[in-house]
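Visitor: Sequence and predicted model, in that order:
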Amino acid sequence: MPELPEVETVRRGLEKEVVGLPIRGIEATYPRMVLTGFEQLQKTLQGQTITGISRRGKYLIFEIGEHWRLISHLRMEGKYRLAVLDEPLRKHDHLSIKFDDKQLIYSDVRKFGTWELILTDQLVSYFLQKKIGPEPTYEAFDEEIFREKLKKSTKKIKPYLLEQSLVTGLGNIYVDEALWYSKIHPETRANLLDDRSVHELHDAIIELLQKAVRLGGSSIRTYSALGTTGKMQDELQVYGKAETPCSRCGTKIQKIKVGGRGTHFCPTCQIKIG
DNA sequence: TCTGCTGTTCCTAA
DNA sequence: CTTAGGAACAGCAG
């Protein structure tokens, strides 16, 4: 499910459903996905109450009591859903948190998603170490700093944005969208972007992700789970639109490969420089 | 059956 | 430092 808007939508759903509930037990059919160890997680969280759900970039953070934070990353296909207590786990369900009268199930076909239990004290250093950049808001995402970083790099802009270090939250869908809005070719080297382009890109990222959050994210492959009823997929301009006309100029949207990822762009609006 | 594709991230090697 | 490529895993389309 995972770019920032989808993760934020899941966060809001979880917040409504599980905050304030004491954890009665945790079950795993795939304990290996708990990188910090399933047994310790089970022992530590038994009886503790979920006090909040927060988010940093694409990471969900379960706040558990004062001292513990459970960091959940959905990667490509992780999903949460609520179920009655006696519902058995299905094929791709890996973990379940049991409450008094319901359970929260984590399901993930590709098993890429992870859970990590850390002390609250370690939260800041966790994200520092992963080099997670600022949140995509006007307050946190400073255009000057963005411009200076871009100026010092010859990386292609698309893969660079996917690193999460310039700004966090973009994935393969929204990065293509943001580059289309700011009329930048995805293979443009970062240091070749002029100030005007950088400005447009900066604002496009913020506006696009904020709009996607407002619309509840994009639901591309969906079934009943928290955060899967978004409307943003109807607003996409290039992602998944290969061979259809660009809404700005009518040219057919092209699909190429950049940094190993499928990449959609308008060859007329997004001219390659350099 | 085989290939290539998929909303992510991390690691290695050149 | 940069990039490319592959790995983790499973399913789907052609």
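Guide: Now that the structure is in, tell me what you want to look at.

Visitor: Around DNA strand C, which positions in chain A sit nearby?
Guide: Chain A comes close to DNA strand C at residues A:75, A:91-92, A:109-112, A:152-156, A:159-160, A:189, A:259-260, as judged by CB under 7 Å from any atom of the strand. From N, CA and C alone the C-beta is placed, and that goes for glycine too.

Visitor: Tell me if A:R32 really is in a helix.
Guide: Yes: counting by DSSP: H, G, I helix; E, B strand; the rest coil, A:R32 is located in a helix.

Visitor: Quick check: closest non-adjacent residue to it.
Guide: A:F38 (7.8 Å; CB to CB, 6 or more residues apart in numbering).

Visitor: Please apply the same query to A:Y80.
Guide: Closest residue to A:Y80 apart from its sequence neighbours, by CB to CB, 6+ apart: A:L226 at 4.8 Å.

Visitor: Give me the below-cutoff pLDDT ranges for chain A.
Guide: Applying pLDDT under 70 to chain A flags residues A:1, A:222-224.

Visitor: what packs against the biggest helix by length in it?
Guide: As assigned by DSSP state H, the longest helix anywhere in chain A is helix A:195-214. The elements that helix A:195-214 packs onto, with contact taken as 3 or more CB pairs under 8 Å, 6 or more residues apart in numbering; DSSP states H and E, are helix A:4-18, helix A:143-151, helix A:172-181.

Visitor: Can you lay out these as CSV showing mean neighbour count and distance to A:E63?
Guide: What follows is these, written out as CSV (neighbours: other CB atoms under 10 Å; distance: least, CB to CB, whole Å):
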stretch, mean neighbour count, distance to A:E63
helix A:4-18, 21, 10
helix A:143-151, 15, 29
helix A:172-181, 24, 27
